[in-house]
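fold the stuff below for me.
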Amino acid sequence: MANTIFKALSLAVMLSASAGASAQTRYTVLPSSPEQHIQHFGASDAWSMQFIGLWPEQQQRQVADWLFSSENDEQGKPKGIGLSIWRFNLGAGSAEQGDKAQINPATRTECFLRADGTYDWTKQEGQRRFLKLAKERGVPYMLAFCNSAPVYFTKNGLATNTGRGGTINLKDDCYDDFARFMATSVKGIEEHDGVHIDYISPCNEPDGHWNWLGPKQEGSPATNREVAHVARELGKALSKQKLNTEILVNESSDYRCMLGTHVADWQRGNEIKALFSKDSTQTYVGNVKHMMPLIGGHSYWTNTPIDYMRECRMQVREACKKQDIKFWQTEICIMGNDEEIGGGGGYDFSMKTALYVARVIHHDLCYANAESWSWWRAAGGDYRDGLLRIYSNDGWKTGYAVDSKLLWTLGNYSRFVRPGAQRFDIRTVSEDGKEITEGFNDPKGVMCSAYRNSDGKWAIVAINYSEDVKPVSFNVEGVGAKTWRMYRTSDVSAESLAPVGTTDGLTTLAPRSVTTLVEE
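Coordinates of the predicted model:
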C-alpha cells in the first residue's frame, strides 16, 4: 500500500512539474473537418453470461455495473464503462445435445426452438438476465448474433461444421425456417423480457477458416451467395412479423476477407464489393428489406505490423466509401500474432494489453472510420479475451469476477463518447512550431482523437504509449478557452478511469496511460 501511494504521489508531482513546461505539443481540434458519427461501443455475452446470469444477484449486479453503468460514485469516479451496445448470442442448441454436440461444454448454447417447432422461453436464462440488466442501466442498443442455425436445420444435425467444407451448414430447404426462427426469437425476447433487439447478425464469421476445421464452438462457414440468401429470407421474416429490427452483415472474421480473398476462395472473399455492389447480381443485399447500408468486420489478425494496421484500415474505409456504405468493427480480442504483448495466452490485468487495444481502437476509428467498436467477450477465463477475468472451480456454477485495466481503458471511449457523437480531425504542431502530418497518430507515442457529443460537448481521448511524460495542450479551433475534466487509466492502481482534475487545455499525459478530457 505504501509503495502504491508513493508511486501515485511521485507521478502527481512529476506531472505537475511537467505541466508548467513551456514546450508542449499542441493539438487543435478542427470543427471544419468532420468525420464519421459514432453509434456505439460494446461487447458480447458469449459465452460467460449464460453462467454469470445465474450467479447470486449481488455478483450479477457488480458485473453489470462495471459493464453498463454511466453513473459516478460519491467521489465522482465512474462506476462502470457505460457500454452503449450489448451483443447477445442467439444460441443454436448445442447445449441440449450434451457431449453429442462435439463442442466444448463451456461454449455450448441453448436454443429457444424445440425439435417439435414450439418455443421454450425459459432457455438462455442467464443471457436474458443480462439483457435486462443492460437495459436497466441504460444501454440503448442491443444486437443478436448467430454462430449457427438451430441444429434442427443444419445438414449434419450439429451446430459445428466438423470438416464439412466451406459451404453453409444449413439444409437447402431451411433458409426460410432459419429466418423465421431469428424473427420469432427477436419478437419473443421483447414480449417476454421487455428488451428490444435493434439489430440482428445472421452469419458470424462465415469466411473464417476455423469454421470448418474443428468443433471448438458453434459456427458455420457460408459463401457470399449463401449469406445473401439468408439475408433475403430474414428481411422477409422480419417484415412478416412487423418488426423494425435491422440486419447486419457480414461480421467478417478478417478485414482481408472484406477487401479480397484470404485463406478461402473467391466465394468467401471481396465481401464489400460482393454484398454491396449492384453489379454483383447474385450476392447484392443493398435492396434487402431491413438491411443496414453498412458492413461489419472483426479486426483480428490485422493489428501488426503497425504500418499494415494503418494501411489495411485505410483500404477498408476507401472500399466502403466506393460502395456508399458505413463500417462497424464488431469483434476483437488478442490473438497469437499479437506478439508485441506476448499473444493471447494468460490473462493480463495491466496496461500492457490495455494500451495495445487502445491503439487498435484508435486506428479503427481514425483510419477505418468505424462507426461502432466492440470487444469480443465481456468476461472470460485465463486468456486475453475478456474485459473481466472470471474465476470458478465448479464448472462456472459459482465464481467471481475481477476488473482490469483493459475494461477501464475501453471506458475512456465508451463512457464519454456517446451514441451520435461525431469525430473531428486534429491538427498537430510540434514543440518547435512545425506542423506534423498525422501528428495525432504516433503509435509508439501520443495518439489523439476528438469527438463532439450530441449535446454539443467535446471529448478528447489521448493515448500515451510511451514511457515518457508528454507535455501537451488541447484546444478547439475558433472556440474560446474551455475547462476540461480529465479521467485517466494507468498502471497506478487507483487510476482506473479515475478523475484526475481539470485543465484549461495545457496538461501532461502520464507514461503508459489513456486520458479522456471532457468539456465541462
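
how much space between Ala95 and His192?
Noted for Ala95: a distance of 19 Å to His192, by CB to CB, to the nearest Å. C-betas here are computed from N, CA, C, even on glycine.

can you point out the buried residues in the top strand by length along the chain?
The longest strand of the chain (DSSP state E) is strand 25-38. Residues of strand 25-38 classed as buried by neighbour count (16 or more other CB atoms under 10 Å): 25-29, 35-36, 38.

and that strand, what does it pack onto?
Secondary structure elements in contact with strand 25-38, counted by 3 or more CB pairs under 8 Å, 6 or more residues apart in numbering; DSSP states H and E, are strand 421-429, strand 446-452, strand 458-464, strand 470-476.

residues contacting whichever helix or strand comes after the last one, please?
I take that to be strand 470-476. Sequence-wise, the next helix or strand downstream of strand 470-476 (DSSP states H and E) is strand 484-489. Contact with strand 484-489 is made by 78, 351, 354, 405, 408-409, 411-412, 415-416, 460, 474, 495-505, 507, 510, 513-520, as judged by CB atoms under 8 Å, 6 or more residues apart in numbering.

give me the contacts around the helix or strand following strand 484-489.
Sequence order places strand 498-503 as the next helix or strand after strand 484-489, per DSSP H and E. Strand 498-503 is contacted by residues 19, 75-77, 483-489, 515, 517, 520 when judged by CB under 8 Å, 6+ apart.

strand 498-503 vs strand 484-489, what angle?
Interaxial angle of strand 498-503 relative to strand 484-489 (axes from the mean of the first three to the mean of the last three CA atoms, to 10 degrees): 150 degrees.

please point out which parts of strand 498-503 sit buried.
So strand 498-503, judged by 16+ other CB under 10 Å, has buried residues 498-500, 503.

direction included, what does the helix or strand just after it pair up with?
Once strand 498-503 ends, the next helix or strand along the chain (criterion: DSSP H and E) is strand 506-509. On the basis of DSSP bridges, the sheet neighbours of strand 506-509 come out as strand 470-476 (antiparallel).

can you tell me what sits against the strand it pairs with?
Contact with strand 470-476 is made by 18-19, 21, 23-29, 31, 445-446, 448, 450, 458, 460, 462, 464, 481-482, 484, 505-509, 517, as judged by CB under 8 Å, 6+ apart.

who does whichever helix or strand Asp65 is part of touch, helix- and strand-wise?
Element membership for Asp65, per DSSP H and E: helix 57-68. The contact analysis (3+ CB pairs under 8 Å, 6+ apart) places helix 57-68 against helix 49-52, helix 125-136, strand 372-380, strand 386-391, strand 400-402.

show me the shaky parts of the stretch 201-350 of the chain.
Residue ranges of the stretch 201-350 of the chain with pLDDT under 70: 212, 214-215.

helices along that one, start to end?
Taking DSSP state H, counting those that start in this stretch as the test, the helices found in the stretch 201-350 of the chain are 224-240, 255-259, 271-276, 306-323.

tabulate these (JSON lines), appending distance to Gln422.
Shown next, in JSON lines, are the helices of the stretch 201-350 of the chain (distance: least, CB to CB, whole Å):
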{"stretch": "helix 224-240", "distance to Gln422": "29"}
{"stretch": "helix 255-259", "distance to Gln422": "24"}
{"stretch": "helix 271-276", "distance to Gln422": "23"}
{"stretch": "helix 306-323", "distance to Gln422": "16"}
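
would you mind giving those as CSV with mean neighbour count and distance to Ala179 added?
Below are the helices of the stretch 201-350 of the chain laid out as CSV (neighbours: other CB atoms under 10 Å; distance: least, CB to CB, whole Å):
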stretch, mean neighbour count, distance to Ala179
helix 224-240, 21, 4
helix 255-259, 24, 24
helix 271-276, 24, 17
helix 306-323, 17, 24
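
nearest to Arg377 among those would be which one?
Nearest of those to Arg377, taken as CB to CB: helix 255-259 at 20.3 Å.

show me the contact partners of that closest one.
207, 250, 252, 262, 264, 268-272, 295, 297, 299, 301-302, 312-313, 315-316, 319, 368.

how about the contacts made by Ala481?
If you count contacts by CB under 8 Å, 6+ apart, Ala481 has them with 475, 504-505.

likewise for Asn156?
Residues in contact with Asn156 (CB under 8 Å, 6+ apart) are 162, 164, 169.
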